[in-house]
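Chemist: Pasting the sequence and the predicted model now:
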Amino acid sequence: MSTSSRSAPRREKARAATIDEIKLTALTHMRETGTVDFRFADIARAMEMTPPALYRYFADRDELLSALIADAYNDLGRVVAEARDAVPDEDIGARFLAVAHAYRQWARQEPQQFALILGLPVAGYAAPVDGPTTEAAQRAMSQLSSLFVQAIERGVLGPPRLRDVHPVIAECAAQKNEHLATAIPPETFQAMLHTWSTLHGFAALEAYGHFDWIDEAGRDALFDGHARLAAEVAGIPAPNTARHD
């Protein structure tokens with residue numbers, strides 16, 4: 001093996017390590033400042049680099065933001081999938097609760113990443129169309145929708161409490177069904193959106209400190225009831241097993 005061929009993997013590893021360090025530095029900056037915005041100069045200063053040196057790794061701030069957003073979605077998707085898969089496959093109700101609790105816990109533990117992907121858009125940033133952020137978002141959000149599909153396929157999904165569907169939502173459902181092996185009825189598609197927005201609303205309020213006036217045990221109980229109510233309204237079956245947090 002030539003010297004040049006041996007050095008290539010070393011260069012690739014060094015480059016990957018620097019990219020990871022840049023992303024970690026950006027996340028640390030966001031955590032310390034309580035914001036999801038930053039300048040290249042901020043990151044370069046923290047790493048004792050010159051701003052132009054960062055352009056060897058990212059074309060601009062937006063490319064770095066896109067990488068951070070994709071990482072955040074991937075992390076959320078991993079956490080939620082691990083929680084879901086730790087529950088018996090046949091207990092869809094308990095799997096739903098596991099997903100809900102994992103979503104909430106991730107938002108509490110990673111408020112900056114949560115804000116980065118599900119908070120106010122970063123000023124001046126536009127995600128690339130059909131880029132890594134879109135793919136990562138679809139993978140993360142599919143962890144919840146897959147439970148509805150599974151419940152449909154097993155014949156255990158009940159009718160949602162609200163069944164009147166606006167034509168625009170019905171059209172959205174039809175577009176999604178073009179890419180699914182199992183069709184999701186419009187009223188169930190609407191219930192999925194209701195469920196996600198319900199869980200997200202609680203997670204956002206808590207992540208940004210609006211429930212701090214309730215102690216942790218109270219918030220745990222409140223969220224568990226919140227998630228169970230969302231599941232019941234959406235037609236998700238009740239869990240067969242008791243949940244142990």
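Modeler: That came in fine, so what should we check first?
Chemist: Where does pLDDT dip in the protein?
Modeler: 1-8, 241-245 (pLDDT under 70).
Chemist: what domains does the record give for it?
Modeler: Domain segmentation of the chain under automatic domain parsing yields 1-58, 61-234.
Chemist: Most tightly packed of the ones you listed?
Modeler: Among the domains of the chain, the stretch with the highest mean neighbour count (mean count of other C-beta atoms under 10 Å) is domain 61-234, at a mean of 17. Any C-beta I mention is one placed from the backbone N, CA and C, and that applies to glycine too.
Chemist: ok, back up a step: in a markdown table: the domains of the chain, plus distance to Asn240.
Modeler: Converted to a markdown table, the domains of the chain look like this (distance: least, C-beta to C-beta, whole Å):
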| stretch | distance to Asn240 |
| --- | --- |
| domain 1-58 | 39 |
| domain 61-234 | 5 |
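Chemist: Tell me which residues touch the residue nearest to Ala41 when sequence neighbours are not counted, please.
Modeler: Leaving out its chain neighbours, the residue that sits closest to Ala41 by C-beta to C-beta, 6 or more residues apart in numbering is Pro51, at 5.1 Å. Applying C-beta atoms under 8 Å, 6 or more residues apart in numbering to Pro51 gives the contacts Phe40, Ala41, Ala44.
Chemist: And the one helix or strand Val233 maps to, what does it pack against?
Modeler: Following DSSP states H and E, one finds Val233 within helix 216-234. For helix 216-234, the packing partners by 3 or more C-beta pairs under 8 Å, 6 or more residues apart in numbering; DSSP states H and E come out as helix 92-109, helix 186-207.
Chemist: quick one: which of the ones you listed is nearest Pro132?
Modeler: helix 92-109 (19.5 Å; C-beta to C-beta).
Chemist: Give me the angle between the closest one and helix 186-207.
Modeler: 30 degrees (axes from the mean of the first three to the mean of the last three C-alpha atoms, to 10 degrees).
Chemist: Run the chain-centre distance for the helix holding Val233.
Modeler: 19 Å (C-alpha atoms, centre = their mean, to the nearest Å).
Chemist: sorry, back to before: switch the helices and strands packed on helix 216-234 over to JSON lines; also include distance to Leu144.
Modeler: Shown next, in JSON lines, are these (distance: least, C-beta to C-beta, whole Å):
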{"stretch": "helix 92-109", "distance to Leu144": "6"}
{"stretch": "helix 186-207", "distance to Leu144": "6"}
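Chemist: For the nearest residue to Phe38 once chain neighbours are set aside, identify the helix or strand it belongs to.
Modeler: Nearest residue to Phe38, sequence neighbours excluded (C-beta to C-beta, 6+ apart): His29, at 5.3 Å. According to DSSP H and E, His29 maps onto helix 3-33.
Chemist: helix or strand right after that helix?
Modeler: helix 40-46.
Chemist: Quick check: next helix or strand after that following helix?
Modeler: Using DSSP H and E, the first helix or strand after helix 40-46 is helix 51-54.
Chemist: how much distance is there from that following helix to the middle of the chain?
Modeler: 30 Å.
Chemist: after that helix comes which helix or strand?
Modeler: helix 61-85.
Chemist: same for that next one, what does it pack against?
Modeler: helix 3-33, helix 40-46, helix 92-109, helix 111-118, helix 132-153.
Chemist: hmm, try it at 6 Å
Modeler: helix 92-109, helix 111-118, helix 132-153 (3 or more C-beta pairs under 6 Å, 6 or more residues apart in numbering; DSSP states H and E).
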